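1. My questions are about this predicted structure, shown below with the sequence.
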Amino acid sequence: MAKKSIKVRAKAKGDVTTVKCLINHPMETGLRKDKKTGKVIPAHFVQEVIGTHNGNTVLAAHWSGGISKNPYLSFKFTGAKSGDTLNVSWTDNNGGSDSLDAKIK
């Protein structure tokens, strides 16, 4: 995917940082059929989402085909401050991946 498929906003308030992510992905389960051809649409979904801060994993999510198209993810963690960098990355079942560094506000 040439265009960035992740949008991230991270905001620190006190010791807690709230992260909001939007991942642009089709998230096909492999169970739907194409309406025109009647053939099954192959499975294509995000399998893993990783969030890291200063080399430490703050989120590790393992997904399957049951997650909706263009999933929204929100999580909180402690130990960050304004100006730090957070990395969010995903990998799908077809070998696709994307990653984004975001500054914490």
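-> Yep, that arrived.
2. pLDDT below threshold where in this structure?
-> Scanning the chain with the threshold set as pLDDT under 70 gives 1-2.
3. Now do the strands in it.
-> 6-13, 16-23, 46-53, 56-62, 72-78, 85-92, 97-103 (DSSP state E).
4. So which of those strands is nearest Lys36?
-> strand 85-92 (24.3 Å; Cβ to Cβ). C-beta coordinates here come from the backbone N, C-alpha and C atoms, glycine included.
5. send the alpha carbons of that closest one over as PDB?
-> Extracted as PDB, the C-alpha positions of strand 85-92 are listed here (Å, rounded to 0.1, in the frame of the first residue of the first chain):
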ATOM      1  CA  THR A  85       7.200   9.200  19.600                       C
ATOM      2  CA  LEU A  86       4.800   6.300  19.400                       C
ATOM      3  CA  ASN A  87       5.000   3.700  16.600                       C
ATOM      4  CA  VAL A  88       1.900   1.800  15.400                       C
ATOM      5  CA  SER A  89       2.200  -1.000  12.900                       C
ATOM      6  CA  TRP A  90       0.000  -3.700  11.400                       C
ATOM      7  CA  THR A  91       0.600  -6.900   9.400                       C
ATOM      8  CA  ASP A  92      -2.100  -8.700   7.500                       C
END
